[in-house]
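> Next one to model:
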Amino acid sequence: MKTVYSFLLLFGLFSSIAVYPQSNNFFFLNEDTPNANKKGIKVFGDVLAGSNSLNTQMYTEVLIKPTFSKSSKSAFLDGNHTRTNLYVSGMCGVEYHLDTARYFFVRNTGFQALSSDKDFSELMFFGNSPFRGQKVATNGLNYLQANTLSVGVGLDIFNGRKLKIKSSIGLSVLNNYRRVDANKLELYTATDGAYLDVNLDGVSIAEANPGTQGAGLSADISLDYHANESNTISLTVKNINGYHLFDNQEIKIDTSFIFNGAPFDVFDMETSIVDYLDSTFNETINRNTTKTNTVVLPTQIKLKWTYKLNARSSIVSSFETISAGKFGMYAQAALLKAHNNNLKTKTSLGYGNFRGFVWGEFVEYRANKYSFCLGVNNLQAIVVPTKTQSYGLSVGLFKEL
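Residues are numbered from 1 along each chain as shown. The predicted structure is shown next:
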């Protein structure tokens, strides 16, 4: 469990800072004023950990404790969800803006995602000992992790009276890529623990290699259509990508194993699955191993409607999917309000099948040529960590040059 998201949580929490300018527009909470950035430097970062069933106390314990507490474990086990979904992402970067239309960027992004039937996720998180004498199965297992470093440029493609099109494209390197997909997995543990009986149906495993695993291109594109003074429709597609893998192996298996003394942990990033098996099973694994040359990581699509209530307030409604819903769908409504020329806030409420209920509070404050932004998701997680399933932190600073 610790390997699922401890790196990304630490990465996002301790590497998120940013830089901004003073003008008539705000620069982070600018959903009602596109193209707000002027010449300057922006540093930013955010982290999000969300699930439909895992609680935020479990996330915290992953970082500071070797095991889960009884209260956090019980809150998860007592839940009535049939599947366990988890999505953890972290990003930090630096942008140098030449003007409102052009900028250069460096970004580091990482994520991990999991979806499986709940009983099987319990086995992965807490071990198979509680399931002795039982067959535990999942119809559909998806696990994906990756880290990318991108360098590139962003620019305006079209800037008309009603339609604005912006894009960015970058060269990217891929690290820590691992994927596990299965149509069905079954695991039976003997009552005395003497053997395991494993049935694999449509299983595909791409294991992480040390160092850089691939290189490719990634791009974002956004379209803003200003229907009138009050209504703006926006479509954003993030991480349109493709990578060439240097030397990656993929294992595809449809078979059954019965073996003794082999641990089962699909999240162990330090050891290959082959190291768990004796020579008999190694022959089967090797026979079903092929070289993988290309990979496409999940793309995020977001549709947004901004309705301007008055000169200082707007309502923003949005819907987004990751990998066409495979790793999450999320809907949100937010109130964006400029309290004065220096202070702007955003309050949002949303729900997603990989995040649960999310309450977000964001504030941007400007002083002279600086603009600072801080955002927190699910403040109630501090008070009731076993009753919430997600949290996140965003920090940014922009300095106008």
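
> Only C-alpha atoms from now on, for both contacts and neighbour counts.
Fine.

> Check the offset of stretch 152-160 from the chain's centre.
A distance of 26 Å separates the C-alpha centroid of stretch 152-160 from that of its chain, computed with C-alpha atoms, centre = their mean, to the nearest Å.

> which element follows the worst-scoring helix or strand of the chain on mean pLDDT toward the C-terminus?
When the helices and strands of the chain are compared on mean pLDDT, DSSP states H and E, helix 2-14 comes out lowest with a mean of 39. Downstream of helix 2-14, the next assigned helix or strand under DSSP states H and E is strand 40-51.

> Run through the neighbouring helices and strands of the helix or strand that that next one is followed by.
Next helix or strand after strand 40-51 toward the C-terminus (DSSP H and E): helix 56-64. Applying 3 or more C-alpha pairs under 8 Å, 6 or more residues apart in numbering; DSSP states H and E, we find helix 56-64 packed against helix 2-14, helix 70-77.

> Counting neighbours, what do you get for the residue lying closest to Gln134 once chain neighbours are set aside?
Excluding its sequence neighbours, the residue lying closest to Gln134 (C-alpha to C-alpha, 6 or more residues apart in numbering) is Tyr188, at 5.8 Å. Using other C-alpha atoms under 10 Å, the number of residues around Tyr188 comes to 20.

> Tell me the pLDDT of Tyr188.
Note on Tyr188: pLDDT of 86.

> what helix or strand is it on?
Residue-wise, Tyr188 maps onto strand 163-189 under DSSP H and E.

> Quick check: beta-bridge partners of Lys304?
Beta-bridge partners recorded for Lys304 (DSSP bridges): Ser234, Ser318.

> and the strand holding Tyr188, what does it pack onto?
Secondary-structure packing of strand 163-189 (3+ C-alpha pairs under 8 Å, 6+ apart): strand 135-159, strand 196-206, strand 212-226.

> ok, for the residue nearest the centre of the chain, nearest residue in space, not its chain neighbours?
For the chain, Ser89 is the residue whose C-alpha lies nearest the centre (C-alpha atoms, centre = their mean; 3.2 Å). For Ser89, ignoring the flanking residues on the chain, the nearest one in space by C-alpha to C-alpha, 6+ apart is Phe111 at 4.1 Å.

> doesn't Asn37 make contact with Leu401?
No - contact between Leu401 and Asn37 fails when scored by C-alpha atoms under 8 Å: they sit 11.1 Å apart.

> These two: who's more crowded?
Taking neighbours as other C-alpha under 10 Å, Leu401 and Asn37 compare with Asn37 leading, 27 against 15.

> mind checking the SS state of the residue nearest to the centre of the chain?
strand (DSSP: H, G, I helix; E, B strand; the rest coil).

> State the distance from it to Ser394.
To Ser394, Ser89 is 12 Å away according to C-alpha to C-alpha, to the nearest Å.

> Between these two, which contacts overlap?
Val47 (C-alpha atoms under 8 Å, 6 or more residues apart in numbering).

> same question for stretch 333-342, mean pLDDT?
When pLDDT is averaged over stretch 333-342, the result is 95.

> who's in contact with stretch 182-195?
Stretch 182-195 has contacts (C-alpha under 8 Å, 6+ apart) with 128-129, 131-142, 196-204, 258-261.

> Mind listing what's buried along it?
Buried residues in stretch 182-195, counted by 16 or more other C-alpha atoms under 10 Å: 182, 184-190.

> Out of the residues you listed, which is nearest to Val363?
Ala182 (42.4 Å; C-alpha to C-alpha).

> Leaving out chain neighbours, which residue sits closest to that closest one?
Val203 (4.2 Å).

> tell me, how many neighbours does that neighbour end up with?
What Val203 shows, counting by other C-alpha under 10 Å, is a neighbour count of 20.

> Just list whatever residues bridge to it.
Ile253.

> quick one: the helix or strand containing Phe398 to strand 40-51, angle?
Assigned by DSSP H and E, Phe398 belongs to strand 390-400. Interaxial angle of strand 390-400 relative to strand 40-51 (axes from the mean of the first three to the mean of the last three C-alpha atoms, to 10 degrees): 180 degrees.

> Now do the buried residues in strand 390-400.
Neighbour-count burial for strand 390-400 flags 390-400 (criterion: 16+ other C-alpha under 10 Å).

> Neighbours of Lys162, how many?
Lys162 is flanked by 11 other residues according to other C-alpha under 10 Å.

> how about the helices of the stretch 251-400 of the chain, start to end?
Counting by DSSP state H, counting those that start in this stretch, the stretch 251-400 of the chain has helices at residues 279-287.

> start to end distance for stretch 203-218?
End-to-end distance (C-alpha to C-alpha), stretch 203-218: 28 Å.

> I should have written stretch 26-40 there, sorry.
So stretch 26-40: terminal residues 13 Å apart, C-alpha to C-alpha.
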